[in-house]
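**Q** quick one, structure for this:
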Amino acid sequence: MSEAPNDLVAGRYRRVVRVGAGAEGTVWRAEDLARGGAAVALKCTPSPPSPAWVAAVMGVEAPTLVRVRDAGVEGDGGYVVMDLVA
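**A** Numbers count the residues shown, from 1 in each chain. Now for the predicted structure:
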């Protein structure tokens, strides 16, 4: 998966600026074009997230947790979309 500003992930998330990187992937501030350009955190990972993990976290909402909005496979890797915490 290419990782450069303005690249689209899953046809709807546009990378804006890289905010961090580590062993588990790179996190970008991104825009969700399907939600009018809403700011989100986009984590691009070297391997896709497991379907069991995605199913477990998608419905979890708590004031102390970052909400996972979307996840999937892109190229050889994966992505996780979360609320952007600023």
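**Q** which parts of this structure are helices?
**A** For the chain, applying DSSP state H gives helices covering 51-57.
**Q** please pull out the lowest mean pLDDT helix or strand from it.
**A** When each helix and strand of the chain is scored by mean pLDDT, DSSP states H and E, helix 51-57 comes last, with a mean of 92.
**Q** and the strands in this structure?
**A** Secondary structure of the chain by DSSP state E: the strands cover 8-9, 13-22, 25-32, 38-45, 68-74, 77-83.
**Q** related to what we said a few turns ago, residues in contact with the least confident helix or strand of the chain: which ones?
**A** 68, 71 (Cβ atoms under 8 Å, 6 or more residues apart in numbering). Every C-beta, even on glycine, is put in place using the N, C-alpha and C of the backbone.
**Q** would TSV of the strands of the chain with mean pLDDT be doable?
**A** Below are the strands of the chain laid out as TSV (pLDDT from 0 to 100):
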stretch	mean pLDDT
strand 8-9	95
strand 13-22	96
strand 25-32	97
strand 38-45	96
strand 68-74	94
strand 77-83	95
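**Q** verify the contact between residue 77 and residue 48 for me.
**A** Yes: between residue 77 and residue 48 there is a contact at 6.7 Å, judged by Cβ atoms under 8 Å.
**Q** CA atoms of the least confident helix or strand of the chain as PDB?
**A** This file holds the C-alpha atoms of helix 51-57, laid out as PDB (Å, rounded to 0.1, in the frame of the first residue of the first chain):
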ATOM      1  CA  PRO A  51     -12.100 -10.300  11.400                       C
ATOM      2  CA  ALA A  52     -12.600 -11.300  15.000                       C
ATOM      3  CA  TRP A  53     -10.900  -8.200  16.300                       C
ATOM      4  CA  VAL A  54     -12.900  -6.000  14.000                       C
ATOM      5  CA  ALA A  55     -16.200  -7.600  15.100                       C
ATOM      6  CA  ALA A  56     -15.200  -7.200  18.800                       C
ATOM      7  CA  VAL A  57     -14.300  -3.500  18.600                       C
END
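**Q** mind checking how far that helix is from the chain centre?
**A** Here helix 51-57 shows a centroid-to-chain-centroid distance of 14 Å under the convention Cα atoms, centre = their mean, to the nearest Å.
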